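Peer 1: fold the following, please.
(2 chains)
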Protein chains: 2
Amino acid sequence: MQWVKVLGGVVGAAALLGLGIILGHFAIPKAANPPASSASAFQDLDPEILETVMGQLDASRIRENLRELSREPHLASSPQDEALVQLLLRRWQDPESGLDSAEASSYEVLLSFPSQEQPNHVAIVGPTGDILFSCRQSEENLTGEQGGPDVVPPYAAYAPPGTPQGLLVYANWGSEEDFKELQAQGIQLKGTIALTRYGGVGRGAKAVNAAKHEVAGVLVYTDPADINDGHSLPNETFPHSWHLPPSGVERGSYYEYFGDPLTPYLPANPSSFRLDPANASGFPPIPIQPIGFEDAKVLLCNLQGPSAPAAWQGALGCDYKLGPGFQPGGSSQADLHSPAAPSVEHTKLTPKSGQVNVSVHNRLELRNSSNVLGIIRGAVEPDRYVLYGNHRDSWVHGAVDPSSGTAVLLELSRVLGALLKKGIWRPRRSIVFASWGAEEFGLIGSTEFTEEFFSKLQERAVAYINVDISVFANATLRAQGTPPVQSVIFSAAKQVPAPGPGSLSVYDNWIRYFNRSSPVYGLVPSLGSLGSGSDYAPFIHFLGISSMDIAYTYDRSKTSARIYPTYHTAFDTFGYVDKFVDPGEDRVKSILRLGKDGLKTEAWPCLPLCRLQQPPGRGQDGGGTCSFGSVTAFSCLSMSVTTVRPSEASCRLPSSSSGPCWSTTASAWVRRPPDKRHGEACTPRAKMLAVPTGPLVTAVEKFEGAAVALGQHISALQKGTFDPLQVRMLNDQLMLLERAFLNPRAFPKQRYYSHVLWAPLNSFADTFPGLADACLRALNTDPGSAAWAEVQRQLSIVVVALEGAAATLRPVADL
Amino acid sequence: MQWVKVLGGVVGAAALLGLGIILGHFAIPKAANPPASSASAFQDLDPEILETVMGQLDASRIRENLRELSREPHLASSPQDEALVQLLLRRWQDPESGLDSAEASSYEVLLSFPSQEQPNHVAIVGPTGDILFSCRQSEENLTGEQGGPDVVPPYAAYAPPGTPQGLLVYANWGSEEDFKELQAQGIQLKGTIALTRYGGVGRGAKAVNAAKHEVAGVLVYTDPADINDGHSLPNETFPHSWHLPPSGVERGSYYEYFGDPLTPYLPANPSSFRLDPANASGFPPIPIQPIGFEDAKVLLCNLQGPSAPAAWQGALGCDYKLGPGFQPGGSSQADLHSPAAPSVEHTKLTPKSGQVNVSVHNRLELRNSSNVLGIIRGAVEPDRYVLYGNHRDSWVHGAVDPSSGTAVLLELSRVLGALLKKGIWRPRRSIVFASWGAEEFGLIGSTEFTEEFFSKLQERAVAYINVDISVFANATLRAQGTPPVQSVIFSAAKQVPAPGPGSLSVYDNWIRYFNRSSPVYGLVPSLGSLGSGSDYAPFIHFLGISSMDIAYTYDRSKTSARIYPTYHTAFDTFGYVDKFVDPGEDRVKSILRLGKDGLKTEAWPCLPLCRLQQPPGRGQDGGGTCSFGSVTAFSCLSMSVTTVRPSEASCRLPSSSSGPCWSTTASAWVRRPPDKRHGEACTPRAKMLAVPTGPLVTAVEKFEGAAVALGQHISALQKGTFDPLQVRMLNDQLMLLERAFLNPRAFPKQRYYSHVLWAPLNSFADTFPGLADACLRALNTDPGSAAWAEVQRQLSIVVVALEGAAATLRPVADL
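Peer 2: Alright, predicted model coming up:
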């Protein structure tokens, strides 16, 4: 298919982007050691050094990194995972191309594994206990890489052990609404096994929702409609294309929160206090097991009962019915013979008598999982950290997830390390490279790290850059982040050519896929919100550190795939990437041939902190002013203010999941809900109850006013005499702005979430999530209820945060 | 009496101390405006400027300030309080001697007042409802200042209205133990009125404890044994001495927490969300009313029943009995005629029939209360704040509390402001002077301020200096603070002569009254812990800002007075201070005659941040090194580490209330309890249950190691080339050290308290309060209980805080 045509250099482009972001952020003094006088340490990005760096980035090394990283399955805490820890340490401690220092630190965390002695098992069982049909216990070994003891069989991590058996029902995504629909259709749910498909709601939520209806066990499969654009035949799928083979099963963590389940808010050091696992919350309440669509087809296409709603139908080639229980056996044989599932056993189902047995034998185990941290010490401000992190562990080989990210991370760190070791480069601030452990189980390594160093990180971290999967697909950049990082990404994207023919930049290409209309800047790429899907979550939500997550991804007009097809399966291998995701280096080379003219210093990406340009004639003794880049960056902050400013029809950075940009304003908030799920009735109700939104409007105006004034202050600084302390003070204001929105008491029941603007709460509202959530809960209560009081409390929390943020931006000697 | 002999200059000495603390902290460039180059802005304390400042401090102005401030009663939010707001604004906005800027900000807070229409009333009522005896409704007008509508009648702020009536019992302090004792003695408490005396436990706790035993109402009085060293006769008390007259009544807030009761964690702006007062917690559960000892004598000396324990006896001149109810009337006539209470009405009490009626008609009212903030902009680091605060509101005239503090504050700000306006001085960092409103109702003004600016203050505040009452008495300095401020106070105290004859410094005098043995420094003055008694509480406990509270106070060997006798009464007037607390200026003048030799720069007090000394020959272009003072200051931090290091027999700064220094160590913690109230059984029990304290010892060692290494780093810095950014980075490490001990999730049920080391929790343990509290609660539970799990959780919280603090001190490019 045309859209699947894979262009070379996507990974290389990702590397360049990451590089640009890091380099753009740091002044590059020519001397490796900080000069004696701090004044002379202030220098700007040196195009020659930049060109050197660019020239040394080697696409073939990225490819070899990927091959090495994904050679063996490296499940968190496995010997292969530990071997990669050693690989990272060797690279980062290399005398020729290593960093200033690198070390591994280990946490003792609670992981969940299937039993080797008693494999998890799903079967159709007849009335006399005979097994009528058994689901596969492992994926088909199509390339010789899906077998062997190191390929963990498909399972739902943290699902409790148990062997429920009951009539099967089909429950679509397994959302609350889905179970309500089944109930509305008169389907008796108690004691049943619910077959659900991946998507719609989180993995763990399927079991939580099911348990509320006394469902005994849950199965999850990936429908070809959701992942393969409907393709399900063996010759249409991997290894013949990048589509998921019929036996492929998505693994995953079913834990509701993130971080080590036994040590919330505490680092999982061996001596740390641990909850009794029986008292830990967030695990699925009932057994749940994932299966492939090959097996799901046998189950689903044999169900009896009413037809499922049209929106619940998938691409298994039959009419999806709701159950409970199977239709008379004879009638389903045709389906069982479908060419999509040639290996399915022929089985005769007895009308209504066949029950599904789900045998889950998962075990919780305390395991050692390591993070690896490598540091380049900053020349001028070593106490300001830019963190660049990627997880290391995978479910199986994990070539795309996460090794595509790690391969880039290693090449970036090699090039920078080599310059460092040669004594020709050192960044202004410290760079911390991180390889996180046990991300797949719930962002565990990164969360424990933030718990261990919360105070220091809150005080000193400039930003956290996350790359998980670097390349999902080749169509366009996809970025998520908070407002302070937007201009960084924009600037980087403008300077890097998009992969593929033509002369579009990544930025121009991006804007074709994701865009929104900004009243100030016109059409701009749209940046997504940070949810809690990767290791940025503890940084932004727990510590309030400005974060971004970047990747290359799909053309959504050409595929409806929920994610790349072999995600979390044993088919995500080097061969898969090499054949279907990033087959060559030619285009990487074409990108690397960028000349000096293509690297305009002032347009290179930078975080919204002052980059210091050396003024003409000042020479080594330096000085400099805040660059235009800083003003632009600051404008971005200011733009984030106009989120709630009606006159400018402004919008917050829209969530990529919520589609086009919507604008919400403080006054609009009472006119219409910011999100469908927020409930149409909420806003007029709030208005009726006289929830006062005037203070919100005032707070926004204060924030805007302070932002504009700070912009003027920056302009004045640029015209005046250079003062390194003044620059530091300004940078502190900008760095700590995101922290002003952190309130650990705003949502006390939400573990870790304390960011007043970005917490991904239940309502999924894109702005003021606490307010939206409270409103959602208050909707059907009386005006004097505690729930409406909470709406007012949340409004005050937002107002105080905005006013605190304004205070942060105001001249520092004002109170 | 000899010990009451009041020496001049105490207030002046307090002013000098405060001045020293502020000046010592700041380098003083000669130019009023920051020089263009930041490097040249680094200069050290200039002895000439210092001498100028000292010479301009004017004791007579302090006296006049006091007269003006205490001329009228200025209860929080009253017109007189608002008039003082204007006075402060005039002073701080004065073109000749004002600050850079000053403004008042108002909060709408919930205060509590007695009804003017229905005065609170306490009476003995006969069986037919006839009033046998009435307590006074106001204090006796002894000096013409105790009358008039602006003198608020004695009341218990936030006590609920109600008119309980019942038999009287005597309940000593009203502690939990006291009520248990009454119960043990077989006294039926249900429906009684409990007479308690001030002291022992907090005001509000008396009503809380009483209500648990179904007591209907509570009375509180001040026993002459506790306040007057037993003296109670009119001719022994004010205006004949500084003792409390028989009609004097201590007012006070009976609210359990601090801050505006309706807006916890939110600033009490008019638009802020407010709790329904019915849902607000922390108010006394039953009516409570304070009375004078003149009236208390009538009640107490007529009680029947068993004699109270010896420890419960006071100085009213009779045997205190427990009740319930009164003894036959005739027998008590002699007592009623005691000369201590000449105005007591003669009344005939009927045996067992006389009940006490307590009529409380307090009202909660939303009132506007103002803080006044004045700022001196820092020349070099305007974004680093040293806050110096004092409350303004008083119960009546409040000459001692708080006007003695405000009088000093105003003189200090005048002198500094005048130098500022003349263009000859500007501090390195910003100084924020604060006059807090509504402190008497529960630290309301200061708390709302910290709630409004929590993010900015946490990021930028170097320290908070609190002066509430500046002079309780004249014997010795009394200081409370966290370790980072200790050396500041020590240095200041060493340079200021003690008031009175002789040549002792404040330090040498102090050491005679409060001292402890330091393994490193020998005998040193002992610094008390910060509880929650004044406006420092929100700064240290909510925001983790290093704080101190200083005052001059009593010789405890010469008086057992709980506090100065007219505390919170209508007798705390200018005349009282002028006659008994600070009668003259002679000694102030002698202090002001300090010459240049007396002001050794390196010995002047400074906060534990690097003071930069100008190295020889560097001239205006500056440079400098961290002074010895910084090393000393840092040693103090290091010493705070050794809190828990057995080998050094070190001790945490002892609480002034807990007497001599005790040393506790991590290993000692499991051997013996750090505090009696902690429970003797707790430690062996913890040991038995194998609560692992090894990690605590390790964490302490890490902290010590990091502290020692940082000390070496400071030494190295002093020898190297001066770099302003390096100094800033070092200062940031030190400033933020206290913040590393803040954990808002450590004690989620404790409002505001989140400092892992200093939170004043129930156990009143001086170290690791969370751990001690948890242990106290776990004592009588089973080994597997949730309470013992909490002990282990608290241990981990302490370990993580110590390790986080160590990480803050380690080289900034280490992780």
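
Peer 1: show me where the stretch 501-650 of chain A has strands.
Peer 2: Taking DSSP state E, counting those that start in this stretch as the criterion, the stretch 501-650 of chain A carries its strands at A:515-518, A:522-525, A:547-553, A:612-613, A:625-626.

Peer 1: out of the ones you listed, which comes closest to A:Leu420?
Peer 2: Judged by C-beta to C-beta, the one of the strands of the stretch 501-650 of chain A that comes nearest to A:Leu420 is strand A:612-613, at 20.6 Å. Glycine gets a C-beta too; all of them are placed from N, C-alpha and C.

Peer 1: let me know the average pLDDT across the closest one.
Peer 2: Averaging the model's pLDDT scores along strand A:612-613 yields 24.

Peer 1: what does stretch A:155-167 give?
Peer 2: Stretch A:155-167 shows an average pLDDT of 98 in the prediction.

Peer 1: just the CA trace of that stretch, in PDB.
Peer 2: The C-alpha atoms that make up stretch A:155-167 are tabulated as PDB, following Å, rounded to 0.1, in the frame of the first residue of the first chain:
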ATOM      1  CA  TYR A 155      -0.600 -12.400  29.700                       C
ATOM      2  CA  ALA A 156      -2.100  -9.500  31.500                       C
ATOM      3  CA  ALA A 157       0.500  -8.300  34.000                       C
ATOM      4  CA  TYR A 158      -0.900  -7.800  37.500                       C
ATOM      5  CA  ALA A 159      -4.100  -9.700  36.700                       C
ATOM      6  CA  PRO A 160      -4.900 -11.900  39.700                       C
ATOM      7  CA  PRO A 161      -4.700 -15.700  39.400                       C
ATOM      8  CA  GLY A 162      -7.900 -17.500  39.200                       C
ATOM      9  CA  THR A 163      -9.800 -20.000  37.000                       C
ATOM     10  CA  PRO A 164     -13.300 -18.500  36.400                       C
ATOM     11  CA  GLN A 165     -15.600 -20.400  34.000                       C
ATOM     12  CA  GLY A 166     -18.900 -19.200  32.600                       C
ATOM     13  CA  LEU A 167     -20.900 -18.400  29.500                       C
END
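
Peer 1: quick check: buried residues in stretch A:88-103?
Peer 2: For stretch A:88-103, the neighbour count (16 or more other C-beta atoms under 10 Å in any protein chain shown) marks A:Leu88, A:Leu89, A:Arg91, A:Trp92, A:Asp94, A:Ser97, A:Gly98, A:Leu99, A:Asp100, A:Ala102 as buried.

Peer 1: quick one: is it near chain B?
Peer 2: Yes. Figure legend: stretch A:88-103 in contact with chain B (C-beta under 8 Å from any C-beta of the partner chain); contacting residues A:Asp100, A:Ser101.

Peer 1: circling back to that earlier point, make JSON lines out of the strands of the stretch 501-650 of chain A and add distance to chain B and mean neighbour count.
Peer 2: Converted to JSON lines, the strands of the stretch 501-650 of chain A look like this (distance: least, C-beta to the nearest C-beta, whole Å; neighbours: other C-beta atoms under 10 Å in any protein chain shown):
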{"stretch": "strand A:515-518", "distance to chain B": "28", "mean neighbour count": "16"}
{"stretch": "strand A:522-525", "distance to chain B": "29", "mean neighbour count": "16"}
{"stretch": "strand A:547-553", "distance to chain B": "18", "mean neighbour count": "25"}
{"stretch": "strand A:612-613", "distance to chain B": "12", "mean neighbour count": "24"}
{"stretch": "strand A:625-626", "distance to chain B": "14", "mean neighbour count": "23"}
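
Peer 1: can you list these in a markdown table and add distance to B:Cys301?
Peer 2: Written out in a markdown table, the entries for these read as follows (distance: least, C-beta to C-beta, whole Å):
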| stretch | distance to B:Cys301 |
| --- | --- |
| strand A:515-518 | 81 |
| strand A:522-525 | 84 |
| strand A:547-553 | 71 |
| strand A:612-613 | 80 |
| strand A:625-626 | 77 |
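
Peer 1: tell me the contacts of the residue in the stretch 451-600 of chain A that chain B sits nearest to?
Peer 2: As assessed by C-beta to the nearest C-beta, chain B sits closest to A:Ser455 within the stretch 451-600 of chain A, at 4.2 Å. With C-beta atoms under 8 Å, 6 or more residues apart in numbering or on different chains as the criterion, the residues that contact A:Ser455 are B:Leu736, B:Arg739, B:Ala740, B:Leu742, B:Gly804, B:Ala805, B:Ala807, B:Thr808.

Peer 1: nothing else from me, thank you.
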